[in-house]
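*Asks:* any chance you could fold what I've pasted below:
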Amino acid sequence: MSTHLILGGARSGKSRYAEQLAQASGLPVSVLVTAHAGDAEMAERIRQHQQQRPPHWQVLESPLALAATLQAHAAPERLLLVDCLTLWLSNLLLDGQQSDLDDGPIVLSPQFRQQRQALLDTLPNLPGKIILISNEVGMGIVPMGALARCFADEAGRLNQAVAALCQHVTLVAAGLPLTLKG
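*Replies:* Down below sits the predicted model:
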(Lines give C-alpha, C1' and ligand atoms only; values in the text may rest on other atoms or scores of the structure.)
Protein backbone atom coordinates (compact mmCIF):
# COMPACT_ATOMS: atom_id res chain seq x y z
CA MET A 1 0.00 0.00 0.00
CA SER A 2 1.24 3.43 -0.90
CA THR A 3 -0.51 6.73 -0.23
CA HIS A 4 0.42 10.12 -1.65
CA LEU A 5 -1.20 13.44 -0.69
CA ILE A 6 -0.84 16.24 -3.21
CA LEU A 7 -1.58 19.73 -1.89
CA GLY A 8 -1.75 23.05 -3.69
CA GLY A 9 -3.77 26.16 -4.27
CA ALA A 10 -6.42 26.70 -6.91
CA ARG A 11 -5.02 26.13 -10.40
CA SER A 12 -1.59 25.27 -8.99
CA GLY A 13 -1.18 22.18 -11.19
CA LYS A 14 -1.92 19.61 -8.48
CA SER A 15 -4.45 17.61 -10.55
CA ARG A 16 -2.17 17.57 -13.59
CA TYR A 17 0.74 16.40 -11.43
CA ALA A 18 -1.41 13.68 -9.82
CA GLU A 19 -2.60 12.52 -13.24
CA GLN A 20 1.01 12.34 -14.48
CA LEU A 21 1.95 10.16 -11.49
CA ALA A 22 -1.07 7.93 -12.09
CA GLN A 23 -0.25 7.56 -15.78
CA ALA A 24 3.42 6.77 -15.02
CA SER A 25 2.45 4.06 -12.51
CA GLY A 26 1.46 1.67 -15.28
CA LEU A 27 -1.45 0.49 -13.13
CA PRO A 28 -5.14 0.56 -14.00
CA VAL A 29 -6.51 3.86 -12.68
CA SER A 30 -9.85 4.70 -11.10
CA VAL A 31 -10.59 8.37 -10.44
CA LEU A 32 -12.85 9.04 -7.47
CA VAL A 33 -14.44 12.40 -8.13
CA THR A 34 -16.12 14.26 -5.30
CA ALA A 35 -17.55 17.26 -7.17
CA HIS A 36 -21.04 17.65 -8.47
CA ALA A 37 -22.05 20.36 -10.89
CA GLY A 38 -24.16 22.82 -8.93
CA ASP A 39 -23.88 25.52 -11.59
CA ALA A 40 -22.66 26.05 -15.17
CA GLU A 41 -19.17 27.19 -14.14
CA MET A 42 -18.60 24.05 -12.04
CA ALA A 43 -19.98 21.89 -14.84
CA GLU A 44 -17.37 23.44 -17.16
CA ARG A 45 -14.57 22.76 -14.65
CA ILE A 46 -15.68 19.11 -14.42
CA ARG A 47 -15.79 18.85 -18.23
CA GLN A 48 -12.23 20.21 -18.50
CA HIS A 49 -10.95 17.68 -15.97
CA GLN A 50 -12.72 14.87 -17.84
CA GLN A 51 -11.07 15.90 -21.12
CA GLN A 52 -7.59 15.88 -19.53
CA ARG A 53 -7.89 12.30 -18.28
CA PRO A 54 -7.23 9.24 -20.45
CA PRO A 55 -10.58 7.86 -21.64
CA HIS A 56 -9.81 4.34 -20.35
CA TRP A 57 -9.62 5.48 -16.72
CA GLN A 58 -12.61 4.42 -14.66
CA VAL A 59 -14.47 7.36 -13.07
CA LEU A 60 -16.39 6.85 -9.83
CA GLU A 61 -18.50 9.52 -8.17
CA SER A 62 -18.14 9.75 -4.41
CA PRO A 63 -19.50 13.05 -3.06
CA LEU A 64 -20.01 11.84 0.54
CA ALA A 65 -19.12 8.20 1.31
CA LEU A 66 -15.47 8.40 0.24
CA ALA A 67 -14.13 5.78 2.68
CA ALA A 68 -16.69 3.21 1.50
CA THR A 69 -15.85 3.91 -2.15
CA LEU A 70 -12.12 3.56 -1.44
CA GLN A 71 -12.71 0.25 0.37
CA ALA A 72 -14.87 -1.07 -2.46
CA HIS A 73 -12.39 -0.27 -5.24
CA ALA A 74 -8.87 -0.46 -3.76
CA ALA A 75 -6.90 -3.44 -5.03
CA PRO A 76 -3.23 -4.49 -4.96
CA GLU A 77 -2.63 -3.77 -8.66
CA ARG A 78 -4.81 -0.66 -8.96
CA LEU A 79 -4.29 3.07 -8.43
CA LEU A 80 -7.09 5.17 -6.98
CA LEU A 81 -6.91 8.92 -7.58
CA VAL A 82 -9.14 11.02 -5.31
CA ASP A 83 -9.97 14.44 -6.79
CA CYS A 84 -10.44 16.11 -4.37
CA LEU A 85 -10.60 16.04 -0.58
CA THR A 86 -11.62 19.68 -0.19
CA LEU A 87 -14.71 19.32 -2.41
CA TRP A 88 -15.61 16.19 -0.44
CA LEU A 89 -15.15 18.17 2.77
CA SER A 90 -17.42 20.92 1.41
CA ASN A 91 -20.08 18.36 0.55
CA LEU A 92 -19.96 16.94 4.07
CA LEU A 93 -19.93 20.36 5.68
CA LEU A 94 -22.98 21.56 3.72
CA ASP A 95 -24.94 18.31 3.93
CA GLY A 96 -27.87 18.86 6.28
CA GLN A 97 -27.01 22.50 7.12
CA GLN A 98 -29.63 25.23 7.35
CA SER A 99 -29.90 27.75 4.52
CA ASP A 100 -28.44 30.77 6.38
CA LEU A 101 -25.03 29.36 7.26
CA ASP A 102 -23.28 32.63 8.07
CA ASP A 103 -25.80 33.65 10.73
CA GLY A 104 -24.67 31.72 13.78
CA PRO A 105 -22.31 28.94 14.70
CA ILE A 106 -21.66 26.13 12.27
CA VAL A 107 -22.55 22.78 13.78
CA LEU A 108 -20.71 19.81 12.33
CA SER A 109 -23.16 17.00 11.68
CA PRO A 110 -22.69 13.48 13.05
CA GLN A 111 -22.30 12.35 9.41
CA PHE A 112 -19.46 14.85 8.93
CA ARG A 113 -17.59 13.45 11.91
CA GLN A 114 -18.35 9.82 11.00
CA GLN A 115 -17.28 10.15 7.34
CA ARG A 116 -14.11 12.07 8.22
CA GLN A 117 -13.13 9.46 10.80
CA ALA A 118 -14.00 6.62 8.42
CA LEU A 119 -11.58 8.07 5.86
CA LEU A 120 -8.79 8.38 8.41
CA ASP A 121 -9.41 4.84 9.69
CA THR A 122 -9.60 3.39 6.16
CA LEU A 123 -6.56 4.98 4.49
CA PRO A 124 -3.83 3.02 6.31
CA ASN A 125 -5.47 -0.32 5.48
CA LEU A 126 -6.08 0.00 1.75
CA PRO A 127 -4.27 -2.19 -0.78
CA GLY A 128 -2.73 -0.72 -3.92
CA LYS A 129 -1.75 2.88 -4.56
CA ILE A 130 -3.79 5.87 -3.50
CA ILE A 131 -3.24 9.47 -4.62
CA LEU A 132 -5.27 12.12 -2.83
CA ILE A 133 -5.57 15.71 -4.04
CA SER A 134 -6.45 18.51 -1.65
CA ASN A 135 -6.42 22.28 -1.69
CA GLU A 136 -4.14 24.13 0.68
CA VAL A 137 -6.46 26.90 1.81
CA GLY A 138 -4.66 28.07 4.93
CA MET A 139 -2.11 30.37 3.33
CA GLY A 140 -4.41 33.34 2.84
CA ILE A 141 -6.26 35.73 5.08
CA VAL A 142 -8.72 34.52 7.70
CA PRO A 143 -12.10 34.34 5.91
CA MET A 144 -14.86 36.78 6.89
CA GLY A 145 -17.87 34.44 7.24
CA ALA A 146 -18.46 31.71 9.80
CA LEU A 147 -18.91 29.01 7.16
CA ALA A 148 -15.73 30.00 5.30
CA ARG A 149 -13.75 30.05 8.57
CA CYS A 150 -15.14 26.64 9.54
CA PHE A 151 -14.25 25.27 6.11
CA ALA A 152 -10.68 26.62 6.28
CA ASP A 153 -10.24 25.21 9.79
CA GLU A 154 -11.61 21.79 8.86
CA ALA A 155 -9.61 21.65 5.61
CA GLY A 156 -6.42 22.40 7.55
CA ARG A 157 -7.24 19.73 10.14
CA LEU A 158 -8.06 17.18 7.45
CA ASN A 159 -4.89 17.91 5.46
CA GLN A 160 -2.77 17.51 8.62
CA ALA A 161 -4.44 14.22 9.56
CA VAL A 162 -4.20 12.77 6.04
CA ALA A 163 -0.58 13.94 5.63
CA ALA A 164 0.35 12.15 8.85
CA LEU A 165 -1.02 8.89 7.37
CA CYS A 166 0.54 9.19 3.90
CA GLN A 167 3.97 7.95 2.92
CA HIS A 168 4.38 10.81 0.44
CA VAL A 169 3.20 14.43 0.58
CA THR A 170 3.84 16.93 -2.22
CA LEU A 171 3.01 20.62 -2.40
CA VAL A 172 2.46 21.93 -5.93
CA ALA A 173 2.90 25.65 -6.59
CA ALA A 174 3.01 27.23 -10.06
CA GLY A 175 3.03 23.72 -11.54
CA LEU A 176 6.18 22.77 -9.65
CA PRO A 177 6.10 19.87 -7.16
CA LEU A 178 7.91 20.25 -3.85
CA THR A 179 8.35 17.10 -1.77
CA LEU A 180 7.30 17.63 1.83
CA LYS A 181 7.42 13.98 2.91
CA GLY A 182 8.73 10.72 1.50
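*Asks:* tell me where the protein has helices.
*Replies:* Remark: helices assigned in the chain by DSSP state H are 14-25, 40-52, 66-73, 85-94, 110-122, 146-165.
*Asks:* any weak-confidence spans in this structure?
*Replies:* For the chain, applying pLDDT under 70 flags the ranges 96-104.
*Asks:* rerun that using 90 as the cut-off
*Replies:* Residue ranges of the chain with pLDDT under 90: 1, 10-11, 35-53, 55, 94-109, 138-148.
*Asks:* any idea how many residues pack against A155?
*Replies:* Using other C-beta atoms under 10 Å, A155 has 20 neighbouring residues. The way it works is simple: take the backbone N, C-alpha and C, and place the C-beta from them, glycine included.
*Asks:* the one 10 residues further on too?
*Replies:* Counted with other C-beta under 10 Å, the neighbours of L165 add up to 16.
*Asks:* spatially, what comes nearest to it if we skip its sequence neighbours?
*Replies:* Spatial nearest neighbour of L165, excluding adjacent residues (C-beta to C-beta, 6 or more residues apart in numbering): L123 at 5.0 Å.
*Asks:* quick one: the spatially most central residue of the chain from I6, how far?
*Replies:* Central residue of the chain (C-alpha atoms, centre = their mean): L85, 1.8 Å from the mean position. L85 sits 10 Å away from I6, going by C-beta to C-beta, to the nearest Å.
*Asks:* shared neighbours, those two?
*Replies:* 132-134 (C-beta atoms under 8 Å, 6 or more residues apart in numbering).
*Asks:* of the residues you listed - the most surrounded one?
*Replies:* L132 (28 neighbours).
*Asks:* would you agree that residue is in contact with V162?
*Replies:* Yes - counting by C-beta atoms under 8 Å, L132 touches V162, with 6.3 Å between them.
*Asks:* what residues are shared contacts of these two?
*Replies:* By C-beta under 8 Å, 6+ apart, the residues touching both L132 and V162 are 5, 85.
*Asks:* quote the end-to-end distance of stretch 70-78.
*Replies:* 11 Å (C-alpha to C-alpha, to the nearest Å).
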